[in-house]
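Colleague: Quick one, what's the 3D model for this:
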Amino acid sequence: MAIDIVILAAGKGTRMRSDLPKVLHPIGGVPMLGRVIDAAKQLGEVEITVVIGHGAELVRERFADSGVKFVEQTEQLGTGHAVAQAIPNFRSGSTVLVLYGDVPLVKSGTLQSLLSASDKGPALLSVEMANPAGYGRIVRDDAGRVLAIVEEKDADADTLAIREVNTGILAAPSDFLARWLPELSNDNAQREYYLTDVIARSVSEEIPVTGVRASDPLEVAGVNSRAQQAQMERALQHSRALALMNAGVTLLDPARIDVRGRLECDTDVSIDINCVFDGEVVLGKGVQIGPNCLLKNCRLADGTRVEANSIIEDAEVGEACTIGPFARLRPGTRLADGAKIGNFVETKKAVIGRGSKVNHLSYVGDAIVGEGVNIGAGTITCNYDGVNKSTTEIGDGAFIGSNTALVAPVVVGAGATVGAGSTITREVGSDELAVARGKQRNISSWQRPTKKS
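Modeller: This next block holds a predicted model:
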């Protein structure tokens, strides 16, 4: 079965109060429209057309490499009019699935069930709501076939008691829609062309309409405001937290974790509160993440511990490493097994060897650090001269004293020692001691200044 998918994404989203098109606002770190496109692509070999309007160029630019087609709805004349813009992209004999770019949590399994029910006529997606106020009710016959969608303002008391409502998502044979959509009327108070009118048209032609119920109202809920966006975000994060715990991950508070990409965890991983995982993150066996940490596009091997308030981005961390608290591993950092990055330490494009330690208040950038190296507090690699970046190399077993400046490019040999407070501008040979600081003078007759009266 050929599937043509139409995603409506032309609305401005006035209640969002934003210059950004509504469908580009993120849920779980991904634009809402991107989530809908991803769900659609999981249905197999599909052709996707996105109907754009407000902020059209921004939407085109954001999804230029997504493989979808775009058609523009220059006037916002209703959902029926929007879908009609995609008629030239319908393939003969295909099934058309209509989705919405601001319904970000729809599941591909639900959509597959809807498609399976649309082989002979339209199938619409409905949902049961505890409070259906404001929604069009689904009226069925005794056999369960859909007879009508009745808007609330037109409903009698019996119809208002119905809790099954229309979500707007539907599937139908393309040949039917290509015939019905151009014939829709806008004879209504809003002077708009409604997609739901095709249901009445189908019933009038005695073509059966099937209703498929979604299991969760949040799956088919739209986002029209910042509050609804936040609700969708928490719903997504709750489902992700449950999946992690079902896989054996310890979450100290499942309500305080944000996964804004893909988080893969081995056994016995523990994650404390208020942690954010962005992009692709892989945590090995027994990894422990302290509170208030941000991890983005990184891999941490077995047994590594990240202390509180640390940031790790585009980094590779070996086994049994210790990071933090208040550490920052910037892109290009690679820690070998057993390395230690302590409190208020920043690294960037640094390779830290097995068992090496950078314990306190230091910056190590554009550096290659060997095994068993100790870098004292307050040490910096001066890697930038205002134009170019240069590399610092520190050999195995070297000891760098506190408050040392290593002015790159420079090499410190294996087993070398650098005295505290030194500024190193040239090579230090293996096993040498380097001391580069001003000579100390003690003045016994010096008088401390006093405050003038």
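Colleague: Select the longest helix from the chain.
Modeller: Identified as the longest helix of the chain according to DSSP state H is helix 226-246.
Colleague: And that one, what does it pack against?
Modeller: In this structure, helix 226-246 makes packing contacts with strand 26-27, strand 250-251, strand 257-265, judged by 3 or more C-beta pairs under 8 Å, 6 or more residues apart in numbering; DSSP states H and E. In this view, the C-beta of every residue, glycine as well, is placed from N, C-alpha and C.
Colleague: Would you mark the buried spots in it?
Modeller: Residues of helix 226-246 classed as buried by neighbour count (16 or more other C-beta atoms under 10 Å): 229, 232-233, 235-237, 239-241, 244.
Colleague: So which of those is the closest to Glu219?
Modeller: When the buried residues of helix 226-246 are compared for distance to Glu219 (C-beta to C-beta), Ala235 wins out at 8.8 Å.
Colleague: Let me see the domain layout of the chain.
Modeller: By the record's domain assignment, the chain is partitioned as 3-220, 240-434 (automatic domain parsing).
Colleague: partner residues bridging Leu99?
Modeller: Each beta-bridge partner of Leu99 is listed here, defined by DSSP bridges: Ile7.
Colleague: what's in contact with stretch 68-88?
Modeller: Residues outside stretch 68-88 that contact it (C-beta atoms under 8 Å, 6 or more residues apart in numbering) are 4, 6-8, 10-12, 37, 47-53, 56, 59-60, 89, 96, 98, 168, 177-178, 181-182, 184, 186, 190-198.
Colleague: So which residues of the stretch 51-200 of the chain form helices?
Modeller: Assigned by DSSP state H, counting those that start in this stretch, the helices in the stretch 51-200 of the chain fall at 56-62, 79-84, 108-116, 157-160, 174-180, 197-204.
Colleague: What is the longest one packed up against?
Modeller: Going back to what we said before, that points to helix 108-116. For helix 108-116, the contact count by 3+ C-beta pairs under 8 Å, 6+ apart identifies helix 32-41, strand 95-100, strand 123-128, strand 164-173, strand 210-214 as packing neighbours.
Colleague: Quick one: closest of the helices and strands packed on helix 226-246 to Gly419.
Modeller: Taking C-beta to C-beta as the criterion, strand 257-265 is the member of these that comes nearest to Gly419, at 44.4 Å.
Colleague: so what's Lys357 up against?
Modeller: Taking C-beta under 8 Å, 6+ apart as the test, what Lys357 contacts is 339-340, 342, 373-375.
Colleague: Settle this for me: Arg330 is touching Val345, isn't it.
Modeller: No: in this structure Arg330 lies outside contact range of Val345 using C-beta atoms under 8 Å: 11.1 Å.
Colleague: Can you give me the end-to-end span of stretch 29-49?
Modeller: The distance separating the two terminal residues of stretch 29-49, taken as C-alpha to C-alpha, to the nearest Å, comes to 23 Å.
Colleague: in it, what counts as buried?
Modeller: Of the residues in stretch 29-49, those scored as buried under the neighbour-count criterion (16+ other C-beta under 10 Å) are 29-37, 39-41, 43, 46-49.
Colleague: same check, this time on stretch 190-197
Modeller: 192-197.
Colleague: average pLDDT across stretch 313-329?
Modeller: The predicted model gives stretch 313-329 an average pLDDT of 98.
Colleague: for that stretch, how far is the first residue from the last?
Modeller: The straight-line separation of the ends of stretch 313-329 (C-alpha to C-alpha) is 6 Å.
Colleague: What residues sit buried inside it?
Modeller: Applying 16+ other C-beta under 10 Å to stretch 313-329 flags 313, 315-329 as buried.
Colleague: same thing with stretch 265-278?
Modeller: In terms of neighbour count (16+ other C-beta under 10 Å), stretch 265-278 has its buried residues at 265-266, 269-278.
Colleague: tell me how far the ends of that stretch are from each other?
Modeller: Start and end residues of stretch 265-278 are separated by 14 Å (C-alpha to C-alpha).
Colleague: hmm, who's touching that stretch?
Modeller: Stretch 265-278 has contacts (C-beta under 8 Å, 6+ apart) with 29, 244, 247-253, 256-261, 263, 282-297, 302, 308.
Colleague: Whichever of those residues end up buried, select them in ChimeraX.
Modeller: The following ChimeraX line selects those of those that are buried, judged by 16+ other C-beta under 10 Å:
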select :29,244,249,251,256,257,258,259,260,261,263,282,283,284,286,287,288,289,290,291,292,293,294,295,296,297,302,308
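Colleague: Would you point out the most distant pair within the contacts of Lys357?
Modeller: Checking those against each other with C-beta to C-beta, the farthest-apart pair comes out as Gly342 and Val373, at 13.5 Å.
Colleague: Looking at the two, which is more packed in?
Modeller: Val373 (24 against 20; other C-beta atoms under 10 Å).
Colleague: who touches that one in this structure?
Modeller: Applying C-beta under 8 Å, 6+ apart as the definition, the contact partners of Val373 turn out to be 352-353, 356-357, 394-400.
Colleague: repeat for Val198
Modeller: Applying C-beta under 8 Å, 6+ apart as the definition, the contact partners of Val198 turn out to be 80, 122, 170, 172, 176-177, 180-181, 184.
Colleague: From the residues you listed, pick the one nearest Pro132.
Modeller: Taking C-beta to C-beta as the measure, Leu170 is the one of the contacts of Val198 closest to Pro132, at 18.3 Å.
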